[in-house]
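Engineer: what would the 3D arrangement of this be:
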Amino acid sequence: MAVKSFNPTSPAVRQMTVADYSVLTKKAPEKNLLTSGKKTGGRNSYGRITVRHIGGGNRRKLRIIDWKRTKDGVPATVIAIEYDPNRTAFIALIQYVDGSKSYILAPNGLKVGSKVESGASSDIISGNVLPISSIPVGTIISCVELKPGKGAQMVRTAGAGAQLMAKEGDYAQIRLPSGEVRMVPVKCRAMIGSIGNAEHENICIGKAGRNRHLGVRPSVRGVAMNPCDHPHGGGEGKSPVGLPGPVTPWGVPTLGKKTRNKKKQSGKYIVKGRN
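Structural biologist: Okay, the predicted model is just below:
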């Protein structure tokens, strides 16, 4: 997987880079595995904006990803590697021996024709899904469940990979890509190998219009606003924040302020924080 650049035919193209999509083998998605997605524009159920700078963007269908991989002991063959506009990772279309098809995240090294399987007796090869109790310590894993049977929730972005550090009793310790070490039940499942498309982090957007295609609207610095619009606003010429620390437009401390609730129930499973 590589990053592709262009001849500088315009100021934007001079610095813009894209992923090399030559690894993709199929353009049109599988119709039976598509569903329509609804855009929120950053608004909640009351119609109030809760996340700013979201709106517009190209229309896109949701690909139904099989996060649970519960078809144990039934081998499947990878028949295509596809692009998914809803995530940074590529997806793989697999077909089981009984003829059914499903989408999974494409791990590093997975190719058309590769065999994948799920279940406790599966081999430790990229793309296979096993309970953590059946995975050797030190293995790089991805698509990790937090609760048995709920489906993969962690380590799903392009290039991400966690490491199984230890197993003791009913829990295993996993080092996540952020550096956090977390306890997960050994009954939870995980996929062997890291997620593919690792070069995604090196892509340069290049121009504002490309961000708009992704549904990202412009953001304006608070210090560039009037004092009636933002606590950082006002002043003659370029002015500092003028407060003990930076705040949001509603006066809540931000940029470094810890927001995780110390009483959160799942906090007891964190062995070592990411910081």
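Engineer: pLDDT weak spots in the stretch 1-150 of the chain?
Structural biologist: Counting by pLDDT under 70, the stretch 1-150 of the chain contains low-confidence ranges at 1.
Engineer: that one: helices as residue ranges?
Structural biologist: Under the criterion DSSP state H, counting those that start in this stretch, the stretch 1-150 of the chain carries helices at the ranges 11-15.
Engineer: quick one, strands of it?
Structural biologist: Under the criterion DSSP state E, counting those that start in this stretch, the stretch 1-150 of the chain contains strands at 3-5, 17-19, 34-36, 61-63, 76-82, 91-96, 101-105, 115-116, 129-131, 140-142, 144-145.
Engineer: buried stuff in the longest one?
Structural biologist: Neighbour counts over strand 76-82 (16 or more other CB atoms under 10 Å) mark 76, 78, 79, 80, 81, 82 as buried. Any C-beta I mention is one placed from the backbone N, CA and C, and that applies to glycine too.
Engineer: report the beta-bridge partners for the second one.
Structural biologist: By that I understand residue 78. Beta bridges link residue 78 to residue 94, judged by DSSP bridges.
Engineer: how about residue 41, nearest residue that isn't a chain neighbour?
Structural biologist: Computed as CB to CB, 6 or more residues apart in numbering, the closest residue to residue 41 that is not its neighbour in sequence is residue 55, at 4.6 Å.
Engineer: contacts only, for the one you found.
Structural biologist: 39, 41, 42, 215, 217 (CB atoms under 8 Å, 6 or more residues apart in numbering).
Engineer: distance of the fourth one from residue 114?
Structural biologist: It stands for residue 215. As judged by CB to CB, to the nearest Å, residue 215 and residue 114 stand 33 Å apart.
Engineer: which of those two has more neighbours?
Structural biologist: residue 114 (19 against 16; other CB atoms under 10 Å).
Engineer: my guess is residue 112 meets residue 79, correct?
Structural biologist: Yes: look at residue 112 against residue 79 with CB atoms under 8 Å: they come within range, at 6.6 Å.
Engineer: count of residues packed around the residue lying closest to residue 154 once chain neighbours are set aside?
Structural biologist: Once flanking residues are discounted, residue 154 sits nearest to residue 144: 4.4 Å by CB to CB, 6+ apart. Residue 144 has 22 neighbouring residues, counting by other CB under 10 Å.
Engineer: now swap in the one 5 residues further on and tell me
Structural biologist: The criterion is other CB under 10 Å. On that basis, residue 149 has 10 neighbouring residues.
Engineer: contacts only, for it.
Structural biologist: Taking CB under 8 Å, 6+ apart as the test, what residue 149 contacts is 68, 70.
Engineer: do the same with residue 238
Structural biologist: By CB under 8 Å, 6+ apart, residue 238 lies in contact with residue 223.
Engineer: distance-wise, check it relative to residue 255.
Structural biologist: For residue 238, the distance to residue 255 - CB to CB - is 19 Å.
Engineer: now the residue of the chain positioned farthest from its centre, what's its secondary structure?
Structural biologist: Each residue of the chain has a distance to the centre, and by CA atoms, centre = their mean the biggest one is for residue 236: 42.2 Å. Each residue gets one of three states, and residue 236 gets coil by DSSP: H, G, I helix; E, B strand; the rest coil.
Engineer: how about residue 156?
Structural biologist: coil.
Engineer: which regions of the stretch 151-275 of the chain sit below the pLDDT cut-off?
Structural biologist: Residue ranges of the stretch 151-275 of the chain with pLDDT under 70: none are present.
Engineer: please enumerate the helices of it.
Structural biologist: Assigned by DSSP H, counting those that start in this stretch, the helices in the stretch 151-275 of the chain fall at 208-213.
Engineer: okay, strands next: where are they in it?
Structural biologist: Assigned by DSSP E, counting those that start in this stretch, the strands in the stretch 151-275 of the chain fall at 152-154, 162-168, 171-175, 181-185, 189-192, 270-272.
Engineer: tell me how far the residue nearest to residue 154 lies from residue 50.
Structural biologist: To residue 50, residue 144 is 28 Å away according to CB to CB.
Engineer: and if you look at residue 172?
Structural biologist: For residue 172, the distance to residue 50 - CB to CB - is 35 Å.
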